[in-house]
Each structure stands twice: as structure tokens, then as C-alpha cells.
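Undergrad: okay, here's the prediction I keep looking at, along with the sequence it came from:
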Amino acid sequence: MNILVIGSGAREHTLVWKLSQSAKADKIYAIPGNPGMASLAECVPEISITDNDSMVKFAKENNVELAVVGPEVPLTNGAVDAFNAAGIKAFGPVQAAAEIEGSKAFSKGLMKKYNIPTAKYEVFTDAAAAKEYIKAEGAPIVIKADGLAAGKGVIVAMTLDEALGAIDEIMGDGAFGNAGSRVVVEEFMDGEEVSVLCFTDGKTIIPMVPSQDHKRVNDNDQGPNTGGMGAYAPAPVGTPELLAETQKLILEPTIKAMEKEGRLYKGCLYAGLMVTDGKPRVVEFNARFGDPETQVVLPLLESDLVDVMLSCIDGTLAETEVKWSKGAAVCVVMAAGGYPKSYNKGDEITGLKEAEAGGNIVFHAGTSEKDGHIYTNGGRVLGVVAKADGIKEAVDSAYASVDKIHFKAAHFRHDIAHWALERLKK
């Protein structure tokens, strides 16, 4: 069958890479795609991921039978609804279901209504009221822009001044545009984070291998939040006991709640969890594969991804076996100098072939190509991924590949998987 992947980041490169391994994949297209996936998919850069009509028209003209929508923006813009209306199978939640990520206020309200464990919170549209609440609650405290902010709309304020400044930044200065016209102020949860991505057909939920993202830009979890500076899987904090509790208290109730609300959820549900004293609570839900978690989870998937996605769409996930390989995978994100703030574009990247020579994979996150040369074209530029028998071996292998890649002012964290490595020492 012909498959269309929507998106241009490392997540979509990973999806193309995994889908291309299926015997059912005849031809893969990507809108807009990126240079890294160009050897596996025909990239269509002239179509915007927010132009549903043009994407559907292209899919029809090219006999696409499966559309896979990667990023949150087209999902919340109704891309899946548009493909469905045209009779094209699409993997991902419909617009009404994607609101679980599109609005943090909706997501928190859903959890409150259905007793799904999460942090205490309040929602504000008035900056003065938000500040009064923060003064009453004290710090540390978490301030979140309600809407989509490319993974950067969350400020973990450790002091009162920082928290009040976050309200000014989000609501006064419009740091995240319209996404910050409403804010969610949340109790600070201390513990260890884990990402549990799941396949679901709206009834059955099959969790993927637990992973862990590294949100802060600098080593030792310092500096501002980013879209993610690296990840690894499986995360040791995601024990069988924790996953069983997550399934019972969070995943199943959430899917049932969405159905009760008339928002049947199909696709990938991402549950970002905080584990405190062995108990999981929801930090956030995303309506799609995580980035960079996808880059470490899908290399461990043994099953045919096309089959799994079709079973989610068709409502037959309960009859589908989803197998995972043993071992571990690690992703180190190489970013442009200055990221997550202003950064330069157009710097040439060298060493990509050398980095992949030993079997590791370099997924492109923000790159461009001209005359056979690859250049930086985003904040997060590359995701360097290694798979090995254990976390330590995968970490060492990934960093060995990172050392072979060069571009001006490149920066990356040097401590990816430190939580797991510390556990292994005990």
C-alpha cells in the first residue's frame, strides 16, 4: 500500500524508517518530510501540514491508503477528520479527541471529573488572579500555557519571583502567543518522570516500552525546558508493577472517559507521568508519539507497525500481538547553538555517514539540503540513536556517534540516561 506521513521532524523520520520495514509498504510519501528521510520516502515540501484540503487531494491523487499524522498541530487542526471524510484510513485521534493535548485546561478538567491521578491545579484567564493564587500557594509551582507551545509552554518555577515572572512572560508578553491567553497553575510534583506511549483503538490499550525524556536543555536537568534533549528506553522506573497500576488507574480510565465525552480516542496516546513514592500521576497527555521518545521506542518494536496502526484504526487491536525486542535504545539530541532561544540556521553538518557506519541511526529533526550537503534548519537538529543489549552500552555507542558529527555551535547534553545509570550503580 501507499503510505503518507505528515510532518518533518525526527519523530516523523523515525515513523518513516519503521513503516518502510513493513512488507505492506509499497511507496511512502512525506508532507513536507526532511532530507534524512528522502532515501525512504518521497518528500512533498510544497504542501503545508495545516492545509487539510491539499493533503487530502495529494493522498487521493497518489492512491494513499494509510495516512499517519505525526505532529500535534495538524491533529488539533482536524487532519484525521479530513482524511476520514475522504475515505482514507488515518492513524491519529480526530480533532475532538486531540483536544486532550490541544488544551491543558480540558485535559485537567477531564482528569478531575473522572478521578485520574494528577496534580492539583487552577485555570486562569486573568493575570492578576493567577498571581494572587500563586502567592497563596507559594513555590515551587508550575505554570503552563493552555494551548500548544511546541513542548516549551511549561515553566517550573522554584521561587515566587520566578513564578510571578512566568505569568508576566506568558500572559503579559505573549511568549507563546495565543497558547498563553489562558494558563494552568499546578502543584509542583517531585519525583522521577516516565513517558508511557500507548497504541489504542478506543477500547483496547497496549502500552509501549516505557521511556524517559530529558526536557531541560543543560546537564543535570538545568536550564529552560525544551522539546526534549534526548531519551532512552526502557526506563527502569517503569517497572511491571508501575505499568500495571498506570494501566488500571490512568490509561484505561482516560480512554473510557474520552469515549463517554463523545471523543472516541484512536491512535497513540502519550501519558507523561511523575512517579512519587512508587505512585504514578499524570503530568500531561499528548495526542501523538513523543519526540524524542519515538526515536528510542520504535527501534525496539518487533511487530509490523503498519499492522498495528491498521488495527488501531479498524478497532481490532485486541486481536493484534505487539512484540518488543530485548535490549535498550538511547537518543542524544544535537541542537543548534542558542536553542531553545534564538539560534542560527544554515550551518553545514559533517560526519553523518561516519556516525551511522557502525549501525547507529541519525534521525533528522531540523535540517535542509542543498547540492548534496546537509545544513542546520531548526533548534533541535539531529537525534543520534543507538541500540544495544543494555543502557550503558547504548549510551556509549550513541555518544561515540555524536562525536563524529560536527556543525557550528552544536550543543547536546552529556548525561542522557543518567537516571537509569544511577539506578544500575545501586
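TA: Sure thing, it's come through. Residues are numbered from 1 along each chain as shown.
Undergrad: from the centroid of this protein, which residue is nearest?
TA: residue 290 (1.8 Å; Cα atoms, centre = their mean).
Undergrad: can you tell me the helix or strand for the residue lying closest to residue 123 once chain neighbours are set aside?
TA: Closest residue in space to residue 123, ignoring its immediate chain neighbours: residue 105 at 4.6 Å, by Cβ to Cβ, 6 or more residues apart in numbering. C-beta coordinates here come from the backbone N, C-alpha and C atoms, glycine included. Element membership for residue 105, per DSSP states H and E: helix 104-113.
Undergrad: ok, and what's touching that helix?
TA: Outside helix 104-113, the residues that touch it by Cβ atoms under 8 Å, 6 or more residues apart in numbering are 99-101, 116-118, 121, 123, 144-147, 182, 184, 186, 254, 257-258, 261, 282, 284-285.
Undergrad: off-centre distance for that helix?
TA: The chain centre lies 20 Å from the centre of helix 104-113; the measure is Cα atoms, centre = their mean, to the nearest Å.
Undergrad: C-terminal to that helix, what's the next element?
TA: strand 121-124.
Undergrad: residues contacting residue 157?
TA: Residue 157 neighbours (Cβ under 8 Å, 6+ apart): 139, 140, 141, 142, 143, 163, 165, 166.
Undergrad: just the ones of those in strands?
TA: Mapping the contacts of residue 157 onto strands (DSSP state E) picks out 141, 142, 143.
Undergrad: thinking again about what came up before, ok, and the closest non-adjacent residue to the residue nearest to the centre of the chain?
TA: residue 270 (5.0 Å).
Undergrad: how far does the strand or helix carrying that neighbour sit from its chain's centre?
TA: Secondary structure from DSSP H and E places residue 270 in strand 267-276. A distance of 10 Å separates the centroid of the chain from that of strand 267-276, by Cα atoms, centre = their mean.
Undergrad: quick one: buried residues of it?
TA: 267, 268, 269, 270, 271, 272, 273, 274, 275 (16 or more other Cβ atoms under 10 Å).
Undergrad: if we can go back for a sec, from the contacts of residue 157, which is closest to residue 327?
TA: residue 142 (34.5 Å; Cβ to Cβ).
Undergrad: what is the closest one paired to in the beta sheet?
TA: For residue 142, the beta-bridge partners are residue 156, residue 186 (DSSP bridges).
Undergrad: that one: neighbour count?
TA: The local packing of residue 142 (other Cβ atoms under 10 Å) involves 20 other residues.
Undergrad: start to end distance for stretch 163-176?
TA: 16 Å (Cα to Cα, to the nearest Å).
Undergrad: now it: mean pLDDT?
TA: Stretch 163-176 comes out with an average pLDDT of 85.
Undergrad: what comes up buried for that stretch?
TA: For stretch 163-176, the neighbour count (16+ other Cβ under 10 Å) marks 163, 164, 165, 166, 167, 169, 170, 171, 175, 176 as buried.
Undergrad: how about the residues you listed, which pair is most distant?
TA: 164 and 176 (17.1 Å).
Undergrad: and the pLDDT for the closest residue to residue 138 other than its chain neighbours?
TA: Closest residue in space to residue 138, ignoring its immediate chain neighbours: residue 160 at 6.7 Å, by Cβ to Cβ, 6+ apart. For residue 160, the model assigns a pLDDT of 94.
Undergrad: which residues touch residue 160?
TA: Taking Cβ under 8 Å, 6+ apart as the test, what residue 160 contacts is 134, 135, 138, 139.
Undergrad: out of those, which are buried?
TA: Neighbour-count burial (16+ other Cβ under 10 Å) applied to the contacts of residue 160 gives 134, 139.
Undergrad: farthest pair within the contacts of residue 160?
TA: Going by Cβ to Cβ, the pair spanning these furthest: 135 and 139, at 9.7 Å.
Undergrad: gap between residue 42 and residue 64?
TA: Here residue 42 is placed at a distance of 11 Å from residue 64 (Cβ to Cβ, to the nearest Å).
Undergrad: how close does residue 233 get to residue 354?
TA: With Cβ to Cβ as the criterion, residue 233 and residue 354 are 25 Å apart.
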